[in-house]
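Curious how this folds, go ahead:
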Amino acid sequence: MAEDIKLYRFSSQLIPLGNHPLGQIWDFTEVLREELIKIGQIVMKNELRVSTHPGQYTVINTNNEKTLENSIRDLNYHDKLLSAMGLNNEAVMVTHVGGVYGNKEKSLQRFVDNFQLLPPTVQARLVIENDDTSYSIKDVLDLCKEVKRPMVLDVHHHYCYNQGEKLEDYLETIFNTWKELKRPPKIHFSSPKSKKEYKNHSDFINVKDFIGFLELAKGYAFDVMIEAKKQDAALLRLREELHKALN
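Residues are numbered from 1 along each chain as shown. This is a model prediction of the structure:
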């Protein structure tokens, strides 16, 4: 907050065993009630935009009943955590579509079907992100329209995996999925570690690539969450480099 950083992602590990079956033996929302309320008050007082990103083993479109059961429990945990802080559904949970399982169309439909099994409070927090291996911006955009949820554009993922879609042709439609939430669209931006390890995140953000995207998205208002190994240090460096490049 001292550096005026307004976007923050809560770690899924914030509560020990919070999403594990063993964690069900205690109600963390009662034991940590005052602490969680204080966190929520800090968020609201400082107008922070917060989110969570359930892990890779939380797969909504899974074809395995046990995995689905575990995934729903994990999503319930994240929703419970945010609700205990007193945060409304503007505090979102970011998820990927999941696996392909040999048939992309059936796997997309299975996401829609399994989405209906989620509690309404969980549904209301979910936003869906394109990934770097299986589901492109068009795939995710079509899915978001089906389940009526916003789409998180991950720019790096788009360049890792796409089906020939031009980003500029989809920006307006992607950003429009956020209208009902009444918050600016949120995107993820990262830089590749190297040509050899292109899918891996770099320590810092390539300022030229970032400016290139800003030019592409000129005229739109949106929030950017950078994903870099150096975290806050990467953001502060990017600010300095942007100031030098644009002044």
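
L238 touches I226, doesn't it?
Yes. L238 is within contact range of I226, at 6.6 Å (criterion: Cβ atoms under 8 Å). To be clear about C-beta, it is placed using only N, CA and C from the backbone, and glycine gets the same treatment.

what is in contact with those two at once?
Here L238 and I226 have I205 as joint contacts, going by Cβ atoms under 8 Å, 6 or more residues apart in numbering.

centre of the chain versus stretch 217-228, how much separation?
13 Å (Cα atoms, centre = their mean, to the nearest Å).

now swap in stretch 210-218 and tell me
Chain-centre distance of stretch 210-218: 20 Å, with Cα atoms, centre = their mean.

just stretch 158-173 next, same as before
Put simply, stretch 158-173 sits 18 Å off its chain's centre (Cα atoms, centre = their mean).

can you dump the C-alpha coordinates of that stretch into PDB?
The C-alpha trace of stretch 158-173 is given here as PDB (Å, rounded to 0.1, in the frame of the first residue of the first chain):
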ATOM      1  CA  HIS A 158      -2.200 -16.200 -25.700                       C
ATOM      2  CA  TYR A 159       1.100 -16.100 -27.400                       C
ATOM      3  CA  CYS A 160       2.000 -19.500 -26.000                       C
ATOM      4  CA  TYR A 161      -1.200 -21.100 -27.300                       C
ATOM      5  CA  ASN A 162      -3.600 -19.700 -29.900                       C
ATOM      6  CA  GLN A 163      -5.600 -20.900 -32.900                       C
ATOM      7  CA  GLY A 164      -4.600 -18.000 -35.100                       C
ATOM      8  CA  GLU A 165      -6.800 -15.500 -33.200                       C
ATOM      9  CA  LYS A 166      -5.600 -11.900 -33.500                       C
ATOM     10  CA  LEU A 167      -5.700 -10.300 -30.000                       C
ATOM     11  CA  GLU A 168      -6.900  -6.900 -31.300                       C
ATOM     12  CA  ASP A 169     -10.000  -8.600 -32.800                       C
ATOM     13  CA  TYR A 170     -11.100 -10.000 -29.400                       C
ATOM     14  CA  LEU A 171     -10.200  -7.300 -26.900                       C
ATOM     15  CA  GLU A 172     -13.500  -5.500 -27.000                       C
ATOM     16  CA  THR A 173     -15.600  -8.600 -26.600                       C
END
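
Cool, thanks, talk later.
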